[in-house]
Every structure is written in structure tokens, then in C-alpha cells.
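J.: Fold the following.
(chains A, B and C)
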Amino acid sequence: MYSIAKENLNSLYAAIAGSYDLFMPIKTAGQTNYGFWKEGAEGDIDTLKTIRSGKDAFFPQVEQLYTVNREIVPADVAAGDDAEKAANTPIRTKLNVTPGKLVDQDFVIFGMRPCDVRAIEVMDNVFLTDPVDSYYKSRREHGIVVALACHEPEESCFCTVFGVDPADPSKAKADVATWMIDGKLYWKALTEKGEALTAKVANLFEEADADAKVEEEKAYIEGIAKQLPNADLSLEGWGAGKTDEKFKSEVWDKVYKGCLGCGTCTFVCPTCQCYDIKDYTTKDGIQRYRCWDSCMYSDFTLMAGGQNRQTQLQRFRQRFMHKLVYYPTNNDGMFMCVGCGRCVEKCPQSLNIVKVIKAFAENK
Amino acid sequence: MPMNEENKEFRPLIVAFCCNWCSYAGADLAGSSRLSYPADVKIIRVPCSGRVNPMFILRAFERGADGVIICGCHPGDCHYSTGNYYARRRMALLFSMLEYIGVENGRTRVEWCSAAEGAKFSKTMNEFCEKIKSLGENVRLGDLRCKN
Amino acid sequence: MQELINRLKELIADGTVVRAIGWKKGDMPYNPEPAYFEKPEDFDNFVYDGFCGANLSKMMIEAGKLEGKTAVCLKPCDTYSFNQLIREHRVNRENTYIIGVGCRGKLDIEKARKAGIKGIKSISGIDIEGDGDVTFDTIYGEKKMAYTDLMLDRCHVCKGKDHVIFDEVIGESKDTGDADRFEEVIKIEKMTPEERFAFFKSELSKCIRCNACRNVCPACSCRKCVFDNTKFDSQQKANVDSFEEKMFHIIRAFHVAGRCTDCGECSRVCPEGIPLHLFNRKFIKDIDTFYGEFQAGKDPEAQSPLTDFTFDDLEPKDAVGRGDK
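T.: Numbers count the residues shown, from 1 in each chain, chains lettered A, B, ... in the order given. Below is the predicted model of the structure:
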């Protein structure tokens, strides 16, 4: 295990950024979000929850898929050297299709919380099963995840309900686990990728024999996690195979009414992975891109024949059914929620997954 | 933006929304009177200056315009009686907002120009084009994707 | 609060109204949600405290279409929004029973989080009748904050303690204004264009296009928003180029110019904490300067400045560069 003092973190960021692209929580205009670190940026790993989750690292809000450009082929080129033929050849246009660039350089995601790391597993089940999403896959292969334990979990956190351990990032599928204890960052590589990263920045680290200290920190965090108001939330009645029972429930009608139909919950959620594919008309062609979509929007999955979900109740139900029933049904019982609590903090109307689960428990 | 390769002179792209009844006819008159105005000005005919939605102006900038000018009938002369009065209020607020978010003053303009004012139309367009040339390329309100 | 609950129950019992719209207790002490109440037992969860900031007037658009009368709890500033909705024929006044509820400023949990308060178990001192500091009981010990320090920004520029439309008023209100409404706008106006551009760029680059600002806005009541048009390539959800956020926020504010009552819901709900009211207030300030003072929603009969004109209005060229003179 290695350690580095908190005040030297900036040189650690600089050292990592020297060899890799460094994606980490950065404070801009008063809010902390993931972004690419560059000299002068204010790295912020003290804020427990970035507003947007770390899913941008692998599944950015907007991603270019390919560009199509129209190229005008002059008549003489089309006809070669034959002048007579050139004179009789009409001007032609050619379409050039340029695929979007796949990530081919290793990059580092720094300071990801255990819940967000679990969310990567959730997305893997979607994007890495057949048909494999090559854009996502290239990012996954090149991403090095440095997970950070949550020193003081907050009341909106309920990750333990889904089996996430906020105290021990080495249990998460990360490449490096870190703890911030008393002004020092403790660093433990977990995988080969993590070792490679450690080797590159090892000159900044001190050797530390801190297993006891880390154990103490873990016990402290676990103690707090137990006291959180939603620590004993029960998921009884949810999970694989509950479709009929839950879908037809009358409780939905009671819980959805405040919903505005905005996309806040879906966009701050680390596990929501629906997207839309669109064309943007450029000067002489189009750019085809994909961007996050939200099942809360009225035009979600709009087709020529209309929509399959026309009321906000149906949309609201879809979101939670997907997280708590459909996804587990298709993925061996794994829930599509990691308990990060971002929706608890950010919903404009204070609706959230915890309230839904509780409402169902009360109205059995 | 279109750069003349030979002398590297900046040629702005200017969008002019002209009302069908006064300004568009004014542009016509400028033409038939052989008065010149820069070829950089692209005219879009609208039924009335009141038809110009603020979104039209932002969209023009998005897609690469360096300046946008709205021409309508003189206040009091609107073909629909009051259209240009509403336009005047809307544009005053929009221009003030553009200034507020840090867009250079002068990229947008409203000019009242009647069907009989071919000379004014030509003069206005020449002036506006010079102004935009002095401001240079619009970088603050463009969409990067439209540049390639 | 008990008086309010009793009165609402009474109104439902005597058949004056069929349902009430108020706030339901949340699972945290600070997150009550807007909700419908019909049966007496529903009121067990009714709450009205400092964290009930949501403006319920927009809910009356849908509730007004239901069978029977609906009682709605409106704070003084919410009544402006309701008036504006009447002006636009979006709510049915006959179908509404307005209870003006008292208000001594609404609270913003983000303010507590910014002050480092976390692990909240319970909060006291947020009652509507109360006075004094707010106490947080947290996992990490007890924390105190002054009520005014915890208030939403909008409450520091309070429109006043009077309800402009109501059937009855329950509870005392307080004018919590202690700042100049246009102070921030003036501060920005005084910057150089480069500074202004940089300011808005850094704020708007946080936008995630969740549309919460639009959906919560009582003035944004179009059935189909222009940004929901699927044929329009800058619509909704994507933030591909920084231009898109600028256009979205300018147009959003422009569409409510002259109708925005400055209720501040847009800034309250923004998950990224973008000061969206700065756009709306700029329009309000300009309208006041150019066309005379106007408070949307104050008078349901008044003509909105953008659907009105005078023969000698200011010319657009004079609307800009005023700072330079």
C-alpha cells in the first residue's frame, strides 16, 4: 500500500495527466462534476456526490457515431484524363462516411465512489452483451478506475441496501482502491491495469504499512452506514419475476402524481442507460450522434405509430419497473439501482426510488 | 466563415429578414435603380417583421451568420397595422439579452425601410456589412458543427 | 399547520371541495412532495413547513379539469403565478378554492449542504409558525443555522406578504426581502462583454438539459413545447455544442418574458445550481425600464408588455449599449 499527502494531490493529478487523460470530479461554477483535468482545474474529491454520476466516463451524454459528408466530384476527376468524356460527365456527388473515433488510449477515472463503480457493472450487462456496443467497449477496455471510499456517507445514501460497500472500494470492480484518512490518500492497486498506473506515478508515493489504519477507517464508515435513515430499506417484493404483480398495482397511481416529467433523475442516475440517436445537419452533411434519453420525456420511444406510454403514470412506472423488476428479471436478480441517492437529492418534486419502495411496502 | 483565399479578406455572412410589403420591395427598388449592396447579404422574405421569431435570429447565428438584420415597414405603416410594433418590442428585449450574455453589440440590427426607399436599403446594407466586417467572425453564437 | 389541516378537512367534509392540493411528508425531513389529498386519513401525512417551497399553482392546470372543486394551498408569491395562469385562461378559477397559506421564507437544503451539514436525521425550527434558528440533528452531531441563512435566494427578494388572490388566508406571512432584486443583474451588466460571456459560458456549460426548469415553470404551460419538436435538430436532451444551452435558455426565458412572475422555481429546481433567474430578471428589468414597471400576475386584467405596444416605443438600437453612454 502507498500513501500521498492531501496537499500533494495536485502533483499526483499532474503526474497522471502526463501519461493518461484524467477524468475526475472537478469543481466549476460552484458545482462538482466529472470532467477532464487540466492544469489549473480544481480537482475536488471531498464532495461525496458529483451531480452527474461517473457514467460519463464510459457512456458520455453525447457521443459522435459517424459523420456523413457530401463531396462534389468535379467532372474531370470522374472522367480521368479523357477531356471529351469530362465535358459530357455531369457533376457528381460522393458521400463520405467517417466513423466516430473509438477510444484507443488508456485513461484514468479518479475518485469514483463504490456505488458508481457498481453502476459500471450494471451498464456492462447492457452494453457488453450481444450486440456489443463498440463505443462503450473501447472505453471500458481503456478505462482505469480508481475508486475512493466514502469517508462520511450522507443521509441520502442507501447503497448498502444493494450490497455496495462504501467502506471498501477493493470489493468493487475497480483497478485501484483508495481511502482518504486524516489528510492522506492511501492507495492500493487491485489489478494489472492498476499496477501499471501505480508504477507510473510511484515516485510521488510513500510506502505505507497502513492496513490497520484502513481497517479502522472501514469500521468507522460501516458504523455510519448503519445509522443512515435508509440503511434498512427492504427490497422484499421486488426483483426478478414480479412483473405482473407490480405492474398492475394501484400504488403507482398514488406515487406518481407530483412527477413533472423532467429528466433530472435519469440524467443524474449512474445506471440509467437509455439513449436516442439523432442526426444534426451540418454545412454539407450530417453528424449522427447519440445522446442520453429519458423515459420521463413525452417523446421517449416516439415512433411513426405514436408512443407506447402516453401518460406520466405509465412513464413513471416504467422507470421504476425497469430498475427494480425488468432488469433483475433479465440479469440474474441484479438491481438496476446502486443506492447513490442522487435522485433523492435532486428531484425537483422530491419524488424518488426510496419513496416508491416505501410506498409499496406500506400499501401491501 | 468564407474566406477569400486570394486576399484573405473577411467576407461576412449576413442574413436579412425583410418584410414582404415594404423592405423586400425596397430591396427590389434598390436593384432596379442599380444601387448596389454587398453580395454577403442573404435576404429571407417574411410576411411581416412581426413574423420574425427570436429563434430565427439565434438559428441564423447558429448556422454561421455573422450578422442578422431585420427590416420592416416604418412604424405606423405596417401592412397588418401593428405587426412591426410588436416586433420592435421583441427585438429590443432580445438585443438587450444578447448584449447581456456577452455578444458584441452591433451584430443585430432593426431598420425600418419602405418600398420607396431603395437608396436607404442599399445604404443600410452597406453600413451594416462594414460594421460586421469590423466586428469580425461570429464565434460566440455559432455551433461548431456547422463549420465543417 | 394544524389549523390548515382542520380547515381543509372541513372543506372536504362540507362538500365545498372534493380534494386538496398540498404537501405530503417526505422520507427525509426536508423533502415533502406536492400531493393530492382526498380522504381524512390522507391528511395524516400532510405537512406544511419551511421546506414546502414548491409552487403548486401549475398543478391546477390539470386539477382544474377534474370533476368538482379543488382546494389549493398557495403562498403569497404563488398567487402571482396563479393570477397569471388565469390571465392566460390556463386554469379554471370557478373550480378552485384558494387557501392563502402563511410564509416566512422557504428553505433550501443545498444551503445546509454547502455549509457542510450532512447525515441529517431530523430538523427542528422549520415550522411555519416558528421563529428562531434551525437545528439539524445529524449523525455527526447537532448543527445550527440561522433561518435566513438557509432561505432560498428567491426569498431574499420577496414580493411581499400579501396574497394577490385567495378565498381565505390561514396563517401569518412575513416579507423576507432583504436584497435588491436586480442587484445581480446590474452586477453582470457592469462587466465587460468578455467577462459576461465567460460567466454565462461557465454557468451554462453545467446544463444537462433535464428540462426541469421548463417543466416546473408555471408560465411554461404550452401543451407542446417548441423544444419538444422532433423535427428540430436542437431539440431537448442533447448538449452537443455549448450553443444549444445558450439558445435553450435564452428562448426559454424569452417565451416567458412579460409573463414571468419571478417565482424563482427555475433556479430552485436546477440540479446543477445554475442561476436561471438571471435571465428572467434581465427581461423583467428591461421591461420595467423600457415600457414602465410591470409585475406579471399582480393584476389578471393587465395587458402583458409583449402583447402590447405604444407608438413611440424605444427603438431596438437604443436598447443596447446603454451602459456605454
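
J.: from here on, contacts and neighbour counts on C-alpha atoms
T.: OK.

J.: List the buried residues of the worst-scoring helix or strand of chain B on mean pLDDT.
T.: None of the helices or strands of chain B scores lower by mean pLDDT, DSSP states H and E than helix B:54-62, at a mean of 91. For helix B:54-62, a neighbour-count test (16 or more other CA atoms under 10 Å in any protein chain shown) marks B:54, B:57, B:58, B:59, B:60, B:61, B:62 as buried.

J.: Find the helix or strand that the closest residue to residue A:128 other than its chain neighbours is a member of.
T.: Once flanking residues are discounted, residue A:128 sits nearest to residue A:137: 6.7 Å by CA to CA, 6 or more residues apart in numbering or on different chains. Taking DSSP states H and E as the definition, residue A:137 sits inside helix A:134-142.

J.: residues in contact with that helix?
T.: A:57, A:58, A:59, A:102, A:103, A:104, A:105, A:106, A:107, A:127, A:128 (CA atoms under 8 Å, 6 or more residues apart in numbering or on different chains).

J.: same thing but at 6 Å, please
T.: Contact with helix A:134-142 is made by A:58, A:102, A:103, A:106, as judged by CA atoms under 6 Å, 6 or more residues apart in numbering or on different chains.

J.: So which residue is dead centre in chain C?
T.: Taking CA atoms, centre = their mean, the centroid of chain C lies closest to residue C:265, which sits 2.9 Å from it.

J.: and if you look at chain A?
T.: residue A:55 (1.3 Å).

J.: And chain B, by the same measure?
T.: Centre-nearest of chain B using CA atoms, centre = their mean is residue B:69, 1.6 Å out.

J.: Which residues does that residue form beta bridges with?
T.: Bridge pairing for residue B:69 (DSSP bridges) gives the partners residue B:16, residue B:109.

J.: show me what contacts it?
T.: So residue B:69 contacts B:16, B:108, B:109, B:110 (CA under 6 Å, 6+ apart).

J.: hmm, try it at 8 Å
T.: B:14, B:15, B:16, B:17, B:108, B:109, B:110, B:111.

J.: In CSV: these, plus neighbour count.
T.: Listed next are the contacts of residue B:69 as CSV, based on neighbours: other CA atoms under 10 Å in any protein chain shown:
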residue, neighbour count
B:14, 26
B:15, 22
B:16, 25
B:17, 26
B:108, 25
B:109, 18
B:110, 21
B:111, 21
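
J.: got JSON lines for these, with pLDDT too?
T.: JSON lines is the format used below for those (pLDDT from 0 to 100):
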{"residue": "B:14", "pLDDT": "96"}
{"residue": "B:15", "pLDDT": "97"}
{"residue": "B:16", "pLDDT": "97"}
{"residue": "B:17", "pLDDT": "97"}
{"residue": "B:108", "pLDDT": "95"}
{"residue": "B:109", "pLDDT": "95"}
{"residue": "B:110", "pLDDT": "96"}
{"residue": "B:111", "pLDDT": "95"}
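
J.: which of those sit farthest apart?
T.: Maximum pairwise distance in these, criterion CA to CA, is 14.2 Å, between B:14 and B:111.

J.: How about chain B: which residue is closest to chain A?
T.: residue B:146 (4.6 Å; CA to the nearest CA).

J.: what's that residue in contact with, if anything?
T.: A:281, A:282, A:283, B:62, B:63, B:64.

J.: could you pick out which of those are near chain C?
T.: Contacts with chain C within these, counted by CA under 8 Å from any CA of the partner chain: A:281, B:62.

J.: thinking again about what came up before, by neighbours, which of the contacts of helix A:134-142 wins?
T.: residue A:58 (21 neighbours; other CA atoms under 10 Å in any protein chain shown).

J.: Look up how far residue C:188 lies from the residue lying closest to residue A:348 once chain neighbours are set aside.
T.: For residue A:348, ignoring the flanking residues on the chain, the nearest one in space by CA to CA, 6+ apart is residue C:269 at 4.8 Å. According to CA to CA, to the nearest Å, residue C:269 stands 22 Å off from residue C:188.

J.: Neighbour count for the two, which is higher?
T.: residue C:269 (24 against 20).

J.: in chain A, which strand has the most residues?
T.: strand A:62-73 (DSSP state E).

J.: That strand and chain B in contact?
T.: No. Strand A:62-73 is not in contact with chain B by CA under 8 Å from any CA; minimum separation 9.1 Å.

J.: Relative to that strand, what are the paired strands and their orientations?
T.: Using DSSP bridges, the strands paired with strand A:62-73 are strand A:92-99 (antiparallel), strand A:285-292 (antiparallel).

J.: Which residue ranges of chain B form helices?
T.: Using DSSP state H, the helices of chain B run over B:23-32, B:54-62, B:83-100, B:118-135.

J.: Can you flag the weakest of those helices by average pLDDT?
T.: Mean pLDDT per stretch puts helix B:54-62 lowest among the helices of chain B, at a mean of 91.

J.: surely residue C:45 meets residue C:27?
T.: No. The pair residue C:45 / residue C:27 is not scored as a contact, 10.7 Å apart, by CA atoms under 8 Å.

J.: which element is residue 22 on?
T.: Chain wasn't specified; assuming chain A. strand A:21-28.

J.: actually it's chain C I care about, not the one you picked
T.: Here residue C:22 is assigned to strand C:19-24, by DSSP H and E.

J.: and the residue nearest to residue A:128, how many neighbours does it have?
T.: 18.

J.: on that earlier part again, to residue C:283, which of the helices of chain B lies closest?
T.: Here helix B:83-100 is closest among the helices of chain B (CA to CA), at 6.7 Å.

J.: rewinding a little: gap between the residue nearest to the centre of chain A and residue A:143?
T.: 12 Å.
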